[in-house]
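Predicted model, plus sequence, below.
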Amino acid sequence: MALFYCFDIMTMKYKYILFDLDRTLWDFQANSFQTFKEMYENYDLGTLCNTTFDNFYLQYKSINAVLWDMYRQGTLLKEVLYVKRFSLTLEHFGVVDNSELSRQLGDFYVLEGPKKTALVDGARELLDYMYAKHYPMYIVSNGFKEVQNEKIKTSNIDKYFKKVYLSEEIGYQKPNRKIFDAILHDLNAAPSDCVMIGDDYAVDIVGARNAGIDQIYYNPDGIEQSISATCEVKNLREIMDIL
């Protein structure tokens, strides 16, 4: 039995399908974990930091989340984020003179991470289905251009998409409605022509809603929200029963 719910979405015929990338299509958790495991071992961080991989990775994720919020708010530069998330993690484990190592770790992560190819369960099936139905599909991502474009190409999903819209190139980040307005202008589309599919409620769903665009919230963990999306699914395959 399908687990999705929708509000009048099945009567809509969308002209443009907007997809988030990380955690919606590209399996960020699995790919990041694999990259970190390689980095942890290659740089012998367990010995240097006197900690386990799990402790190191959890601390990094906590620091990275805070710094990413600052980046989205425009208070932190990308180049600083690349390195600072590692320098603060190393400092937490007592490695204070770490500028060169932090730069190396930042370079490793940015270069090696996008080479990983794991997709979210059901992602390729959904893309194949929508591609066969000739839906025009687009990526809308806050990620960095040199990273996101490589992910799309390496994981062999580039053929599905007409265009990739990146916040870094447009000048506004989700959930700012200006990024959606810019995309609508570029497509010469009305908000009702589009639907946004994403996993991040505050970024993808709220941002699209504020621009008048319908939303499909990919919510595998069933996280409750105060305001429902136009449609919600727990598995990407369920979208094939909607569109």
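Right, received. Where do you want to start?

Within the sheet, what are the partner strands of the lowest-mean-pLDDT helix or strand in the chain, with directions?
For the chain, using mean pLDDT, DSSP states H and E, the weakest element among its helices and strands is strand 5-6, scoring a mean of 72. Next to strand 5-6 in the sheet, as set by DSSP bridges, lie strand 231-233 (antiparallel).

what's the model's confidence in the strand it pairs with, averaged?
Rounded to a whole number, the mean pLDDT of strand 231-233 is 95.

for this structure, what spans make up the strands?
Under the criterion DSSP state E, the chain contains strands at 5-6, 16-19, 137-141, 161-166, 194-198, 214-218, 231-233.

Run the chain-centre distance for the top helix by length along the chain.
The longest helix of the chain (DSSP state H) is helix 53-72. The chain centroid and the centroid of helix 53-72 are separated by 15 Å, computed with CA atoms, centre = their mean, to the nearest Å.

Pull the residues that contact it.
With contact meaning CB atoms under 8 Å, 6 or more residues apart in numbering, helix 53-72 is reached by 33, 36-37, 40, 45-46, 49, 76-78, 81, 84-86, 88-89, 92-93, 142, 173, 203. Bear in mind the C-beta positions are built from the backbone N, C-alpha and C, glycine included.

try it again with 7 Å
In this structure, residues lying in contact with helix 53-72 by CB atoms under 7 Å, 6 or more residues apart in numbering are 36-37, 40, 45-46, 49, 76, 78, 81, 84-85, 88-89, 92, 142, 173.

how about the strands of the chain, which one is nearest residue 28?
Nearest to residue 28, of all these, is strand 137-141, at 11.1 Å by CB to CB.

So for the closest one, mean pLDDT?
98.

Now do it against strand 194-198, angle only.
Between the axis of strand 137-141 and that of strand 194-198 there is an angle of 50 degrees, by axes from the mean of the first three to the mean of the last three CA atoms, to 10 degrees.

Which residues does strand 137-141 contact?
Residues outside strand 137-141 that contact it (CB under 7 Å, 6+ apart): 16-22, 130, 148, 152, 160-167, 174, 183.

one step back: quick one: mean pLDDT over the longest helix of the chain.
Here helix 53-72 scores 95 as its mean pLDDT.

One more: stretch 33-48?
What stretch 33-48 shows for mean pLDDT is 97.

mind listing what's buried in that stretch?
Applying a neighbour-count criterion of 16 or more other CB atoms under 10 Å, the buried positions in stretch 33-48 are 34-36, 39-40, 45, 48.

Would you map the helices across this structure?
Going by DSSP H, the chain shows helices at 28-42, 45-49, 53-72, 78-92, 99-112, 123-132, 145-154, 167-170, 177-187, 206-210.
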